[in-house]
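Undergrad: take a look and give me a structure for this.
(2 chains)
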Amino acid sequence: MNNKNIYQTFYALLLKDIAIYNKRWIYRAIDALVWSGSSLMITHHIMPLFGVTDPNYGIFILLGNFAIWGLFEMLTSIAMFLGDLQGDKSIFYYVSLPLPSYMIFIEQALASAYRSMASSLLILPMGKLILGDTLVLSSINWPYFIFAFIMINIFYGFLTILVASYVKNLPALTMVRSRIMFPLWFLGGFQFPWKMLYGVAPKIALMSLCNPIIYVMDGIRSTVLPTEQYLPFWNCMGVLIFFSIICGYVGTQKLKRRLDCI
Amino acid sequence: MSSNILISIQKITKTFQTSHKTIKALKGVSLDIYEGEILSLLGVNGAGKTTLSSIISSLNPPTSGDILYQGTSIYKDLINYRRIIGFCPQKPNIDGMLTLEENLYFAGRYFNIPEAEIKKRAQVLMKKFNLIQYAQSKGSILSGGYKQRFLLARTLMHQPKIVILDEPTVGLDPHIRRNLWDVIKALKKDGVTVLLTTHYLDEAEYLSDRVCILDKGVIKLIDTPENLKATYHQDNLENVFIELIKEDANIDEQ
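TA: As a prediction, the model looks like this:
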């Protein structure tokens, strides 16, 4: 059997996961809109009443919402994985297919990436509706923006399999939210750019460079807002690729051991 | 049943490490599976039958030992080996969001079967297993018996040489069990080799060319149901099995 056949099997698995997700896409897209829309309404319409006058603040939060949604979707993907392990164990059907087991886990990561990309797609148009003329679409560096969007979600996909490989069961999922997701999110520059943090608390800023969400936030924001306020785009993407490789490698090895695959 | 050995299992051991102890699930199991036969793996809970069938299905690696397919270790070309096996798990792991037809189409695509051929085979299998009326239904709405039929159909999509059935009739009503037996018998007629893991002795007796009784990770006996009944002067396999357990208990007491 040649590599072409293996990739075709891999592709068929990915298409299957995409087909399944597309049937319930709208529900997750609405979830993303409700969360992101309510936060944006507060930011854009209420915060100025408290004295927040930066006209870009709404865009800043919109991009943060857009980029962080994948981290929330991670929980859904892990729950699906653990639910399957505790239930029908369809993962063992996939393990019996003609492709190396590590490729099954990579496929799961990419399927998870697809889910977070698809469900967050409507956030940007909704942001345009709420922000109106404040968000000028022509000011977005689209090629960089699309690249960052894909890269960020691929990173979340591999982070998903890494975290899934460590979480024992569904009840333990609450710990993922409180001990992994929230610290990554709130210490990841969601509310302020890294350079601004460095200006006021350099030690904390340097420590937070270990948090990949810093690169997610600065990476995507630098494609829309003035680039000099953010970490360089390609540095952010490089670090995210690095984190994706590490998460992917450790996650696949750990899952192979956990499921006792060949 | 032909005399050609399809799969040769050689001194397979499997050890599981838990935080408290080491469990030796298989202790040097050797056995040949012949082309076109139905071989049943029997044993009480914890005998090692599911562990052995999972290793033969290439889901899990053995701790030591080898499996030869047509004389060559399967671990030298695992991907090709997986193309000739069809694993039918105990749990009905159907993608519940897809229709049965979509599930079968994907099962064909995983094995790189051309699209036209996939559609033809899916139709043939759905007819054969009486699933046509559910073709456009989601897997999640099927009853236990139909789910099991569907799993068999999915397993056969790529026309495997050997089908590994892990307790296919657990929890099914008697008439549905009987119905599935006919389906399994029909596989043999089509030249498919079947490895059946089961708890039901009547099932093993009805279906098998040979039965392999595992106990505490070793093969206790392997023979045709007729020979076993003759050797133990019993009229059915269940009584043979009870005889064997009694023998074991006596040995343990001594």
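
Undergrad: how about residue 46, phi and psi?
TA: No chain was given, so I picked chain A. phi -100, psi -40 (degrees, to the nearest 10).

Undergrad: that's the other chain; I wanted chain B
TA: phi 90, psi 10.

Undergrad: show the pLDDT at residue 188.
TA: Went with chain A since none was named. We have a pLDDT of 93 for A:G188.

Undergrad: wait, chain B was what I had in mind.
TA: Reading off the model, B:K188 has pLDDT 90.

Undergrad: might you enumerate the residues of chain B proximal to chain A?
TA: Taking CB under 8 Å from any CB of the partner chain as the contact definition, chain B meets chain A at B:57-61, B:75, B:77-80, B:82-83, B:85, B:87, B:89, B:91-95, B:97-98, B:102, B:106, B:109-112. The C-beta positions use only the backbone N, C-alpha and C, and glycine is treated the same way.

Undergrad: tell me which of those residues fall in strands.
TA: Per DSSP state E, strands hold the following members of these: B:I85, B:F87.

Undergrad: how far away is the residue nearest to A:F105 when sequence neighbours are not counted from B:T51?
TA: Spatial nearest neighbour of A:F105, chain neighbours left out: A:T252 (4.4 Å); criterion: CB to CB, 6 or more residues apart in numbering or on different chains. Between A:T252 and B:T51 the computed distance is 24 Å (CB to CB, to the nearest Å).

Undergrad: what of B:R121?
TA: According to CB to CB, B:R121 stands 32 Å off from B:T51.

Undergrad: repeat for B:L59
TA: For B:L59 relative to B:T51 (CB to CB), the value is 10 Å.

Undergrad: how about residue 10, phi and psi?
TA: Here I'm looking at chain A. When read as degrees, to the nearest 10, the backbone of A:F10 gives phi -60, psi -50.

Undergrad: wait, chain B
TA: The phi/psi pair for B:Q10 (degrees, to the nearest 10) is phi -120, psi 110.

Undergrad: now the helices for the stretch 101-250 of chain A?
TA: A:101-120, A:123-131, A:142-166, A:173-175, A:182-186, A:194-200, A:202-207, A:212-221, A:233-259 (DSSP state H, counting those that start in this stretch).

Undergrad: so which elements touch the third one?
TA: The one in question is helix A:142-166. Counting contacts by 3 or more CB pairs under 8 Å, 6 or more residues apart in numbering or on different chains; DSSP states H and E, helix A:142-166 is packed against helix A:57-86, helix A:101-120, helix A:212-221, helix A:233-259.

Undergrad: will you turn the ones you listed into TSV that also has mean pLDDT?
TA: Shown next, in TSV, are the helices and strands packed on helix A:142-166 (pLDDT from 0 to 100):
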stretch	mean pLDDT
helix A:57-86	91
helix A:101-120	95
helix A:212-221	96
helix A:233-259	96
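
Undergrad: format the ones you listed as JSON lines; extra columns: mean neighbour count.
TA: Output for those, formatted as JSON lines (neighbours: other CB atoms under 10 Å in any protein chain shown):
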{"stretch": "helix A:57-86", "mean neighbour count": "21"}
{"stretch": "helix A:101-120", "mean neighbour count": "23"}
{"stretch": "helix A:212-221", "mean neighbour count": "27"}
{"stretch": "helix A:233-259", "mean neighbour count": "17"}
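
Undergrad: go through the ones you listed and name the closest to A:D31.
TA: With CB to CB as the measure, helix A:101-120 is the member of the helices and strands packed on helix A:142-166 nearest A:D31 (7.1 Å).

Undergrad: measure how that closest one sits relative to helix A:57-86, angle-wise.
TA: 140 degrees (axes from the mean of the first three to the mean of the last three CA atoms, to 10 degrees).
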